[in-house]
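Participant: Sequence and computational prediction follow.
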Protein chains: 2
Amino acid sequence: MLPLQLHLTLPPWVGEVADTRKRYLSDEERVGLAIELARQNVRTGQGGPFGAAVFHEDGRLVAAGINRVVPQTCSVAHAEMMAYMLAQQRLASFRLNAGGGRFILATSAQPCCQCYGATVWAGIDELLIGARAEDVESLTTFDEGPLPADWVAQLERRGIAVRRDILRAEARSVLAEYGQAGAHY
Amino acid sequence: MLPLQLHLTLPPWVGEVADTRKRYLSDEERVGLAIELARQNVRTGQGGPFGAAVFHEDGRLVAAGINRVVPQTCSVAHAEMMAYMLAQQRLASFRLNAGGGRFILATSAQPCCQCYGATVWAGIDELLIGARAEDVESLTTFDEGPLPADWVAQLERRGIAVRRDILRAEARSVLAEYGQAGAHY
């Protein structure tokens, strides 16, 4: 039988870490949540050290994501992908900003080649990044994959502002915790 | 309430077009199925003119995919992404070739930036492509997005053989049918 159905989930603890009543107003609060999701994901021992969240410009959290590759046997289930898909489902829009309003993705580490490409189509206006690709590759065994040489400029040409190194030291500490555990999930 | 669950589906007609009992042995049979899925997706009026399928090297079909962006309000739900996720779920492996055996993705058109990145992680050994990016961009309003300048070489460095222009004229005809209808789904 050909598989026709796919069910992806986040564990319930994500709803305890991420607060839908709070207004996340600064870049640091937004990336801070992504890093906290990454940290908790490492500590539960179920997924890679990555977290992400989609916010409306007014600071409301729309959706969160963590790396779910291993528990869901799904190479697509990176933190950013989960956050995009869940946010689009919640807003019933395949382009987050199609209905007006500005949307922001905050991620604990620079998107890999897959999440980079997904960012082009997701309908966000700002991309906020914690750790750099070189942090991911030096502190863990993960590979970021091939990106266009001018990847930031390509996003900015499409109206997506990119800000990096937000809480970078804290973001690096989660990658280091994962790397030191010799984890491979 | 934070969304924690995501359900993605393919319509039942995909199981009628794609035959799990058949052995798809040649590149043309494999890309031919991807093109037929794309054509039927256009004719049902529900999705973009793209189809894809994952095969085992022995010719068995593992999973199929069509573009489901609009009906599922999900920018991630491109044909290649659906095929990868469904195949990995079926094999219970987040890297298709991790357990041995070679796996092939056939796609009706060159992967966009998102599906390109996903291809790096999915665990395939061969990527078979029908239409070129320039066909997609000249015959429809779709944009392929930013790719590394040496995108083919980057895949081949990672052990993924790339073959292009397989049934290209037939693949172009589906894009043209979609483009001429002035469709935007």
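Facilitator: Thanks, I have it.
Participant: Just confirm A:D135 is within a strand.
Facilitator: No: per DSSP: H, G, I helix; E, B strand; the rest coil, A:D135 lies outside any strand segment and is helix.
Participant: got a list of what it touches?
Facilitator: Taking Cβ atoms under 8 Å, 6 or more residues apart in numbering or on different chains, we find A:D135 in contact with A:A109, A:R168, A:A171, A:R172, A:L175. Every C-beta, even on glycine, is put in place using the N, C-alpha and C of the backbone.
Participant: Just give the number of residues close to A:A131.
Facilitator: By other Cβ atoms under 10 Å in any protein chain shown, 32 other residues sit near A:A131.
Participant: Check A:A176 too.
Facilitator: Neighbours of A:A176 under the rule other Cβ under 10 Å: 16.
Participant: Quick check: it touching A:L139?
Facilitator: Yes: assessed by Cβ atoms under 8 Å, A:A176 is found in contact with A:L139 at 5.1 Å.
Participant: any common contacting residues for the two?
Facilitator: Going by Cβ under 8 Å, 6+ apart, no residue sits against A:A176 while also sitting against A:L139.
Participant: re the thing from before, now, the contacts of A:D135 that are in helices?
Facilitator: Residues of the contacts of A:D135 located in helices (DSSP state H): A:R168, A:A171, A:R172, A:L175.
Participant: Contacts made by the longest helix seen in chain A with the rest, please.
Facilitator: In chain A, assigned by DSSP H, the helix with the most residues is helix A:27-44. The contact list for helix A:27-44 (Cβ under 8 Å, 6+ apart) reads A:11, A:13-14, A:17-18, A:24, A:47-53, A:55, A:59, A:61, A:64-67, A:79, A:104, A:106-109, A:128-130, A:163, A:166-167, A:170-171, A:174, A:177-178, A:181, A:183.
Participant: Contacting chain B as well, which ones from these?
Facilitator: Restricting those to those near chain B by Cβ under 8 Å from any Cβ of the partner chain leaves A:P11, A:V14, A:A18, A:L61, A:A64.
Participant: And for the fourth one, nearest residue in space, chain neighbours not counted?
Facilitator: Closest residue to A:L61 apart from its sequence neighbours, by Cβ to Cβ, 6 or more residues apart in numbering or on different chains: A:T20 at 5.4 Å.
Participant: burial measure for that neighbour, as a count.
Facilitator: Count around A:T20 with other Cβ under 10 Å applied: 13.
Participant: ok, now A:G123?
Facilitator: Other residues within reach of A:G123, judged by other Cβ under 10 Å, total 24.
Participant: need the contact list for it.
Facilitator: Neighbour list for A:G123: A:Q88, A:S93, A:F94, A:R95, A:L96, A:N97, A:A98, A:F103, B:S75 [criterion: Cβ under 8 Å, 6+ apart].
Participant: show me where chain A has strands.
Facilitator: In chain A, the strands defined using DSSP state E lie at A:5-9, A:51-56, A:61-66, A:103-109, A:126-131, A:161-163.
Participant: quick one: buried residues of the second one?
Facilitator: Across strand A:51-56, burial judged by 16 or more other Cβ atoms under 10 Å in any protein chain shown covers A:G51, A:A52, A:A53, A:V54, A:F55, A:H56.
Participant: thinking again about what came up before, got JSON lines for the contacts of A:G123, with distance to A:D135, pLDDT and neighbour count too?
Facilitator: Output for the contacts of A:G123, formatted as JSON lines (distance: Cβ to Cβ, whole Å; pLDDT from 0 to 100; neighbours: other Cβ atoms under 10 Å in any protein chain shown):
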{"residue": "A:Q88", "distance to A:D135": "28", "pLDDT": "98", "neighbour count": "28"}
{"residue": "A:S93", "distance to A:D135": "33", "pLDDT": "97", "neighbour count": "17"}
{"residue": "A:F94", "distance to A:D135": "32", "pLDDT": "97", "neighbour count": "23"}
{"residue": "A:R95", "distance to A:D135": "30", "pLDDT": "98", "neighbour count": "16"}
{"residue": "A:L96", "distance to A:D135": "27", "pLDDT": "98", "neighbour count": "25"}
{"residue": "A:N97", "distance to A:D135": "29", "pLDDT": "98", "neighbour count": "18"}
{"residue": "A:A98", "distance to A:D135": "33", "pLDDT": "97", "neighbour count": "12"}
{"residue": "A:F103", "distance to A:D135": "25", "pLDDT": "98", "neighbour count": "21"}
{"residue": "B:S75", "distance to A:D135": "27", "pLDDT": "98", "neighbour count": "24"}
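Participant: if we take these, which one ends up nearest to A:C113?
Facilitator: Lowest distance from A:C113 to the contacts of A:G123 (Cβ to Cβ) belongs to B:S75, with 16.3 Å.
Participant: Identify the residues contacting A:L91.
Facilitator: Going by Cβ under 8 Å, 6+ apart, A:L91 touches A:V62, A:G99, B:T73.
Participant: for the spatially closest residue to the last one that is not a sequence neighbour, what are its contacts?
Facilitator: Nearest-residue entry for B:T73: A:F94, 4.7 Å, with adjacent residues in sequence omitted and distances by Cβ to Cβ, 6+ apart. Residues in contact with A:F94, defined by Cβ under 8 Å, 6+ apart, are A:Q88, A:G123, B:V69, B:V70, B:Q72, B:T73, B:C74, B:S75.
Participant: rerun that using 7 Å as the cut-off
Facilitator: A:Q88, B:V69, B:V70, B:T73, B:C74, B:S75 (Cβ atoms under 7 Å, 6 or more residues apart in numbering or on different chains).
Participant: Please identify which pair of the residues you listed lies farthest apart.
Facilitator: Pairwise distances across the contacts of A:F94 peak at 11.3 Å for A:Q88 and B:V70 (criterion: Cβ to Cβ).
Participant: follow-up on the earlier one: let me have the buried residues of strand A:51-56 in JSON lines, extended by pLDDT.
Facilitator: Compiled in JSON lines, the buried residues of strand A:51-56 are given as follows (pLDDT from 0 to 100):
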{"residue": "A:G51", "pLDDT": "98"}
{"residue": "A:A52", "pLDDT": "98"}
{"residue": "A:A53", "pLDDT": "98"}
{"residue": "A:V54", "pLDDT": "98"}
{"residue": "A:F55", "pLDDT": "98"}
{"residue": "A:H56", "pLDDT": "98"}
